[in-house]
Structures are given as C-alpha cells and as structure tokens.
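# no sequence for this one, just the structure:
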C-alpha cells in the first residue's frame, strides 16, 4: 500500500498509495553516506534511478550513480550504504525479511546486506555491465541481463560461479529479466528478442523465442510482464511501443523447432496509433480460485487498454 519515487535531487519519497499521504523522505549523498532529509535536503542533479522493495515490504533499496543503500521502509532509517566501483544499473532483493540486496553494475553482481550478517560473495560477469537483475521466488537463483546481449544465471550459495549458466542469442542489450510467478520460467528481453527458458530445461534442449513478426521483422519489445496468478503463470505479455501493440504469449505453447518458437495467442492494440510512445504492460489477478480471471493492462501514451483472460 505504499509508493516510492526516486527524485533528481537525490531523495526518495514514500507515500501511502490509497490516500496520497506523505510518509517519509530520505536522501542519498554522492559520497555514499545517507542522511534523513528533514526539510527536503537536496543533492543537485543526482537522480535516484533504481528502487526495489523487499518481498515483505519492510526494506527499500535505492541507487543513485555509484551509491546504493538499504533503508527501513517504515521509518526511512538507512541501515547500510556503500559506493560500488561503477554505476548501478539494477537492484533486487533476494527475499523478504533480512535478505541481501543484489546490485548490478559493470563487471557483475555484488550484495548489500541490511544486517551485520556477511553478504554472499560477488558474482562476476566479465567486461560488461549488468543492466537488469531478478531473484527467483525461492531465492535460490539470480539472473543478470547484460549489456553484451547475454543472460547469466547464478545459483545463490555454494560455488555460485561454478554453477553459472549463460544464455546468448539475443540481438540487443538485455534491459529486462523476470521470473514467472513460481519461478518455473525465466524471460529476458533484448532488442527484438524475447527469450523464455524453463527452469528445468534439460542440457542440450533449446529455449523458446517469442515471435511476433507476423511475416516481417519482429518488433522491439520495450516492456514485458508475467501473469502473477499461478493459474495463468505461463502467460507472458510484451509491448512493442513503436507499433502500439501488446502481444500475449503462452510459454507452454511452442513448436518443436530449434530454438522453439511461440507465436502470440492474442494481440491487444490501442484504439488509435501512438507511435513511439512510452508504455507498460501489467497483469492483475482478479481472484485466486479455479474460475479466476487475469486482467491484462496495456498503457501507451494517453491510452489505457484492458483485456480479461479467463484461466
């Protein structure tokens, strides 16, 4: 029920979603220290561009440039703050409670633990930046989307580096990665490629490519989202902002090619073309029952389009 927003003065503001009531504000300093902003203390031209809530809503991770911090979401009290070697492009909590924050930057992933417990060891990527990061729902795997068009999946704990797996073949930098509701599938978007990999994919088996080419070149996918309902977990929606179309895929429906190909099971278009507009796709589960419905929402420019998917 809370909404966090990172601002250009280096501060993070949190509001109560239902009423708009301001709850707290804290500021990140470029040197790595973090101070409470009583009257809106400003750090000029310092954008807080990365935010992440922990699974239980108790912690808030924030990144500004090379500075990253973990704060208590009920008070704004900063528990940990560090300066990493490069610009932070992605942050994600490993789990709720006192779990560490995964921090993606040039060269790989590091961890910021909100408590005194030692964090997991860093996870190297090599000579590339991590642009997106996501932790599996069971907090055993972490996936990093990279500037060099690959996805690396690490195991959390043990010899994570030895257990790492790389997925290649995307034709652009991997700006988004996401696990499905229970972690059964991992999806990654880069350029015109939307790749889906089953978690239990056997060695030597091909992944699935979501193809919306429709006889031509596949569009660039600017955003995508998995259904949050376990009843429709295999549904994945992707938005091509240039054409204004959102495509609905089913990860279970793919052919036997190498790689496997999934084509859209439905296409949602706004009432009017809005070329190159910023947009998003999201799902909402209306009920968790055998007859539950999943609502697909597509926002593009001035349009908000909804479509009901019956599980």
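Ah, there it is. A quick note: this is a predicted structure, and the numbers were derived from the prediction, not measured.

# number of nearby residues for residue 2?
Neighbourhood size, residue 2 [other C-beta atoms under 10 Å]: 16. From N, CA and C alone the C-beta is placed, and that goes for glycine too.

# residues contacting it?
Applying C-beta atoms under 8 Å, 6 or more residues apart in numbering to residue 2 gives the contacts 14, 15, 16, 17, 23, 57, 73.

# among these, which lie within helices?
Members of those lying in helices (criterion: DSSP state H): none.

# let me know the closest of those to residue 282.
residue 17 (14.9 Å; C-beta to C-beta).

# and of the contacts of residue 2, the nearest to residue 302?
For those, the closest approach to residue 302 (C-beta to C-beta) belongs to residue 17, at 22.5 Å.

# related to what we said a few turns ago, and the contacts of residue 2, which are buried?
14, 15, 73 (16 or more other C-beta atoms under 10 Å).

# could these go into CSV alongside pLDDT and distance to residue 284?
Below are the buried ones among the contacts of residue 2 laid out as CSV (pLDDT from 0 to 100; distance: C-beta to C-beta, whole Å):
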residue, pLDDT, distance to residue 284
14, 95, 22
15, 94, 20
73, 89, 23
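
# pick the one among the contacts of residue 2 closest to residue 245.
The closest of the contacts of residue 2, once distances to residue 245 are taken by C-beta to C-beta, is residue 17, at 29.6 Å.

# low pLDDT regions in the chain?
For the chain, the stretches flagged by pLDDT under 70 are 30-45, 96-98, 158-160, 214-216, 272-277, 286-292, 310-311.

# who does residue 249 bridge with?
For residue 249, the beta-bridge partners are residue 236 (DSSP bridges).

# that one: neighbour count?
Residue 249: 25 neighbours (other C-beta under 10 Å).

# tell me the contacts of it?
Contacts for residue 249 were tallied using C-beta under 8 Å, 6+ apart; they are 194, 196, 210, 235, 236, 237, 238, 262, 263, 264, 265.

# buried residues, stretch 16-26. List them.
Those would be 24, 25, 26, for stretch 16-26 by 16+ other C-beta under 10 Å.

# can you pull the buried residues of stretch 91-100?
Applying 16+ other C-beta under 10 Å to stretch 91-100 flags 91, 92, 93, 94, 95, 98, 99, 100 as buried.

# a markdown table please, covering those and showing distance to residue 150.
Output for these, formatted as a markdown table (distance: C-beta to C-beta, whole Å):
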| residue | distance to residue 150 |
| --- | --- |
| 91 | 20 |
| 92 | 18 |
| 93 | 23 |
| 94 | 22 |
| 95 | 25 |
| 98 | 31 |
| 99 | 26 |
| 100 | 24 |
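
# dump these into TSV; add secondary structure as well.
Below are the buried residues of stretch 91-100 laid out as TSV (DSSP: H, G, I helix; E, B strand; the rest coil):
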residue	secondary structure
91	strand
92	strand
93	strand
94	coil
95	coil
98	coil
99	coil
100	coil
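
# which two from the residues you listed end up farthest apart in space?
With C-beta to C-beta as the measure, no two of those lie farther apart than 91 and 98, at 16.2 Å.

# before we move on, the earlier item: which of the buried ones among the contacts of residue 2 fall within strands?
Among those, the members found in strands (DSSP state E) are 14, 15.

# helices along the stretch 201-311 of the chain, start to end?
Applying DSSP state H, counting those that start in this stretch to the stretch 201-311 of the chain gives no helices.

# so which residues of it form strands?
Counting by DSSP state E, counting those that start in this stretch, the stretch 201-311 of the chain has strands at residues 208-210, 223-226, 235-240, 245-250, 260-262, 266-268, 279-285, 293-300, 303-310.

# now tabulate those in TSV and tack on distance to residue 120.
TSV is the format used below for these (distance: least, C-beta to C-beta, whole Å):
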stretch	distance to residue 120
strand 208-210	30
strand 223-226	25
strand 235-240	29
strand 245-250	33
strand 260-262	33
strand 266-268	40
strand 279-285	30
strand 293-300	34
strand 303-310	37
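
# out of those, nearest to residue 123?
Among the strands of the stretch 201-311 of the chain, strand 223-226 sits nearest to residue 123 (C-beta to C-beta), with 23.3 Å.

# which helices and strands sit right next to that closest one?
In terms of contacts (3 or more C-beta pairs under 8 Å, 6 or more residues apart in numbering; DSSP states H and E), strand 223-226 is packed against strand 174-179, strand 185-190, strand 235-240, strand 279-285.

# out of these, which is the most enclosed?
For the helices and strands packed on strand 223-226, average neighbour numbers computed from mean count of other C-beta atoms under 10 Å are highest in strand 185-190, which has a mean of 26.

# how far off centre is the helix or strand just after that strand?
Tracing the chain past strand 185-190, the next element assigned as helix or strand by DSSP states H and E is strand 193-198. Its chain's C-alpha centre and that of strand 193-198 lie 15 Å apart, by C-alpha atoms, centre = their mean, to the nearest Å.
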